[in-house]
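Asks: Test case, fold it:
(chains A, B and C)
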Amino acid sequence: MSFMDRMLKIDRRIIYLILAVVVILPMLFNSPLSVRVMDPVQKLFNAVESIPPDKAMIVNFEYDPRDVPELQPMALSILRHAFTRRIKILVLCLYVQPLGMAQSALTQITEEFNKNAKSNADSILYGRDHVFLGWQPPPLVPILGMGESIANVYKTDYYGNQTDTLPLMKHVKNYRNVGLLISLSSSDVPRYWIEYAQNRFGLKVGAGVTAVSGSEFYSYLQTGQFSGLMVGMKGAAEYEEMIAKELHIKARRKASESMPSLTYAHLVMIAFIIIGNIGYFARRRKK
Amino acid sequence: MALIFLVFTIALAPPTGVKASDAPDDGGGSMVIEWQLSKDDASLTGYEIFRSENGADFDKVNFIGNGKNAIQDETEDGKKYYYKIAALQDTNRVFSEVTPAVMSSPQWVDRNKLNIFIALAFFGFIILYYIYHARKGKELYIRKIAGLQAIDDAVGRATEMGKPILYTTGIGYIEDIATIASLNIIGEVAKKCAQYNTRFINPHSDPIVYTVAREIVKEAYSSVGRPDAFDPDSVYFVTDSQFAYAAAVDGIMVREKPATNFLIGWFRAESLIMAETGASTGAIQIAGTDQVSQLPFFVTACDFTLIGEELYAASAYISKEPLLMGGIKGEDFSKLIIGIALIGASIVGLLTKFPVLNLFK
Amino acid sequence: MKKTLPLILVFIVGILGIIPFLIPHPYVQKTDDFFRNDIMKIVAAFALVLGLGSLIRVHYDKIKRHRENWQYSWILLVTFAVTAIIGLFGGVAGTGPLPTRISSFHFDIQSIYLNVEVPLGSTMFALLSFLMASAAYRAFRARSPEATLLLLSAFVVMIGILPFGDQISHRLPSFAQWIMDVPNVAAQRGILLGVALGMLATALKILLGIERNWLGGGE
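Replies: I've put the predicted structure just below:
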């Protein structure tokens, strides 16, 4: 087999091995990379910053364990941003799988804030600063129902408390009291919020999505239907950069730590594509 | 001191032209209060909104920052309300005049949605028009769609090789249009498998889709006179967990080595896992989805890909039924109208100052 | 009747779904609310029961007939039963009547989710990167001018989104963003418009009973 033929027939196991090495090795050396913040993420950051003090923010968790590397850093950054600015948060899920992810993120961030709190006023208290509404099937029920009354859709929260007895819910009745909804999703869910909640009730919507589905949401950003957009791990790293730079939040930047692995993986894939094309053109010339 | 205070209070200009009206195009329970900004707006803390039910006892119901001159207030339908606005500077406030009594009420029509209703009616009419004409016997032409042309050859290949055919409808639910489109194709594929005596494997990820598909495949076998050849275990439910389903389908591909894989329906990230595994076994693969994010993976890993509405056209294309063909023609004509409108609006918008986008609001 | 009743139901419910979008009046909204909040929840609950019943039946049948790999069906049914019992009686954070803790070992539903489901799901998803690499190597060929343009755009975007891209040239990330914002959006919009019209046509055909395959085949 000639060298050019070998270039066309590299065993896929060799490709997998090289890719595994370039992804794993940088992780052993924990060196976060600073990223340049682009417009879509800047817009989302500004949208959160401009939520009026009397309005809450809804964070919709719609991702599964497999999307944690891309979307969990986004969730943690959004929660850190909101709690730093004392924005009231409602958290909900439209499907059952993401409930664990939502609870895990909320627990981590509230513990992080309360560790440094000096008084009740500084602390993040459940019921006053945030409420975890849980899951209410099927998806259209909460999306449309919350336009009229959130407490009617979620009569009890995730922990079984009557929602209308919680202090936060006394001021947040429906979408009119919500300044922004951010949907963190690996699927079409951000589109549902636009199609139903925004079209009917004028709710502002932002999104954090996986890189593989990101390209289909840019058109909504361009029309202004999304107030901002984070795409993939890079988007998560950009938001981490924003909150570190603008709000001086010091916390572990998991997405930024993954950027070296992402960089080398991309370069390896480009290299293999070039090798394959060199082999292809060489064979074509031979013919 | 009191005189100085009085001078400051008198000097503060109140908001004027306060108007309260029922919020339009809603289901009631809301009023819009508008006013003209105070002359001293720049130095104000903001505006306080006061409301009364009898014109005498006013309560503060809202607050808004300076520079803003409108607010929506939640009210009870059928009750009369009076409003006045106070310009607030620190603790000094100056009131506007009181509005006449107003009531909120629900509307029957949301005028903001009229453009959507008109578009729906217009495009729906076009589609129905072509369906009507197809019914009258008019011949309608649909261009060749490579993926659908290849179905016959793909089934033939499997028969010659003595290997089975694998068909997956993806992980969508029965209400997903792509799943419905896939179910339209599965019947035709099952008919050919029945005719050629080719083994048919159809794992499912949704229990309702599985139930429907089972009936369709059973009926397909009966329609070609081979009800005895139908194996009930050829159509089965696996799991609704996305990657567990992908693992199951991969396992079937590697163990059974089907000659042809049909990956048609609603897919997410598992699409590449299935398509690439199928490609590694050497099978011919025909894919189709309306999920734009998965199309690149299918185009890369599969031999034929049905993109977006090519998938929806499948039932018309395969059955050649006039009513279905009419629907496709209607869609195409609607797209032509939208295309012309977009090009026309772009030209007008670029070359003139005419606010063309307002026409579509 | 078997075919007529579902067709009538689909037509009525379809129309009832469109009307509340256009009419904001409480009479209409409250009816829609009732359908969404009450009726749809009941239907969703039945679908869940149907799925679970089907799953149990398929695997029980496999065990009974000792079909290929029937042993795995036992694993499925046992883990299904155990997880269901823990979830139903163990409570959300292990606060239910069933104890879900043995000294420091937790097996409440949240722990099972975090320690079993999360790593399994992440592992499967991680396969994508390897498969993407092998698919890209195998299939991305500059066979034609269009394919070459596609490849070059892919390279620009792949490098542009990385911090490394910013170091090569400050214009590269903006150019990559432009590719995502302009040509990509144009292509996406074209497909989206077509898909939206296709959905409208298919929905109309189902509402009017022209498309009947979803009923299950046959006359």
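Asks: And the contacts of stretch B:157-164?
Replies: B:165, B:196-201, B:256-260, B:284 (Cβ atoms under 8 Å, 6 or more residues apart in numbering or on different chains). Every C-beta, even on glycine, is put in place using the N, C-alpha and C of the backbone.
Asks: cutoff 7 Å now
Replies: B:165, B:196, B:198-201, B:256-260, B:284 (Cβ atoms under 7 Å, 6 or more residues apart in numbering or on different chains).
Asks: Same check on stretch A:277-287?
Replies: For stretch A:277-287, contacts defined as Cβ under 7 Å, 6+ apart pick out A:4, A:7-8, C:141-142.
Asks: out of the contacts of stretch B:157-164, which are inside strands?
Replies: Judged by DSSP state E, strands contain the following of the contacts of stretch B:157-164: B:165, B:200-201, B:260, B:284.
Asks: Dump the residues you listed to JSON lines, plus distance to chain A.
Replies: Formatted as JSON lines, these follow (distance: Cβ to the nearest Cβ, whole Å):
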{"residue": "B:165", "distance to chain A": "25"}
{"residue": "B:200", "distance to chain A": "30"}
{"residue": "B:201", "distance to chain A": "25"}
{"residue": "B:260", "distance to chain A": "22"}
{"residue": "B:284", "distance to chain A": "20"}
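Asks: Could you export those residues as TSV, including pLDDT?
Replies: Below are the ones in strands among the contacts of stretch B:157-164 laid out as TSV (pLDDT from 0 to 100):
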residue	pLDDT
B:165	96
B:200	94
B:201	94
B:260	95
B:284	94
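Asks: filter those to the buried ones?
Replies: For those, a neighbour count by 16 or more other Cβ atoms under 10 Å in any protein chain shown gives the buried set as B:165, B:200-201, B:260, B:284.
Asks: re the thing from before, point out the ones among the contacts of stretch A:277-287 that are inside helices.
Replies: Using DSSP state H, A:4, A:7-8 are the members of these that sit in helices.
Asks: got the residue ranges for the helices in chain C?
Replies: Going by DSSP H, chain C shows helices at C:4-22, C:26-34, C:40-64, C:70-90, C:109-112, C:118-139, C:145-160, C:163-168, C:171-181, C:183-207.
Asks: comparing those, which gets the lowest mean pLDDT score?
Replies: Lowest mean pLDDT within the helices of chain C: helix C:40-64, a mean of 79.
Asks: Now that helix: buried residues?
Replies: C:40, C:47, C:50-51, C:54-55, C:58-59, C:62.
Asks: and chain A, which of those residues contact it?
Replies: residue C:40 (Cβ under 7 Å from any Cβ of the partner chain).
Asks: can you list the buried residues of helix C:40-64 in JSON lines and add distance to chain B?
Replies: Below are those laid out as JSON lines (distance: Cβ to the nearest Cβ, whole Å):
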{"residue": "C:40", "distance to chain B": "11"}
{"residue": "C:47", "distance to chain B": "6"}
{"residue": "C:50", "distance to chain B": "5"}
{"residue": "C:51", "distance to chain B": "4"}
{"residue": "C:54", "distance to chain B": "4"}
{"residue": "C:55", "distance to chain B": "6"}
{"residue": "C:58", "distance to chain B": "6"}
{"residue": "C:59", "distance to chain B": "10"}
{"residue": "C:62", "distance to chain B": "9"}
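Asks: Closest one of the buried residues of helix C:40-64 to chain A?
Replies: Closest approach between the buried residues of helix C:40-64 and chain A, by Cβ to the nearest Cβ: residue C:40, at 5.5 Å.
Asks: From residue A:95, how far off is the closest residue to that closest one other than its chain neighbours?
Replies: With sequence-adjacent residues excluded and distances taken as Cβ to Cβ, 6 or more residues apart in numbering or on different chains, residue C:40 is closest to residue A:138, at 5.5 Å. Distance from residue A:138 to residue A:95, counting by Cβ to Cβ, to the nearest Å: 9 Å.
Asks: And for residue A:190?
Replies: Remark: distance between residue A:190 and residue A:95 (Cβ to Cβ) = 14 Å.
Asks: ok, now residue B:69?
Replies: According to Cβ to Cβ, residue B:69 stands 42 Å off from residue A:95.
Asks: Same question for residue A:242.
Replies: For residue A:242, the distance to residue A:95 (Cβ to Cβ) stands at 29 Å.
Asks: For these two, indicate the residue with more neighbours.
Replies: The neighbour comparison of residue A:242 against residue A:95 (other Cβ atoms under 10 Å in any protein chain shown) goes to residue A:242, with 22 against 17.
Asks: What pLDDT is listed against that one?
Replies: Per-residue confidence (pLDDT) for residue A:242: 95.
Asks: how about the strands in the chain?
Replies: No chain was given, so I picked chain A. Using DSSP E, strands in chain A cover A:56-62, A:89-93, A:130-135, A:178-185, A:205-209, A:226-231.
Asks: Chain B, not that one
Replies: Assigned by DSSP E, the strands in chain B fall at B:16-22, B:30-36, B:46-52, B:59-65, B:70-74, B:82-89, B:92-95, B:165-170, B:200-204, B:235-237, B:260-266, B:284-289, B:304-307.
Asks: gap between residue B:195 and residue B:230?
Replies: The gap separating residue B:195 from residue B:230 is 13 Å, by Cβ to Cβ.
Asks: higher neighbour count, those two?
Replies: Legend: neighbour count by other Cβ under 10 Å for residue B:195 and residue B:230, higher for residue B:230 (19 against 16).
Asks: what sits against the more buried one?
Replies: B:217-218, B:221.
Asks: Show me those residues that map onto helices.
Replies: Among the contacts of residue B:230, the ones falling in helices (DSSP H) are B:217-218, B:221.
Asks: still on that earlier bit, let me have the strands of chain B in CSV, extended by distance to chain C.
Replies: CSV is the format used below for these (distance: least, Cβ to the nearest Cβ, whole Å):
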stretch, distance to chain C
strand B:16-22, 12
strand B:30-36, 10
strand B:46-52, 22
strand B:59-65, 22
strand B:70-74, 14
strand B:82-89, 23
strand B:92-95, 33
strand B:165-170, 12
strand B:200-204, 9
strand B:235-237, 5
strand B:260-266, 12
strand B:284-289, 10
strand B:304-307, 7
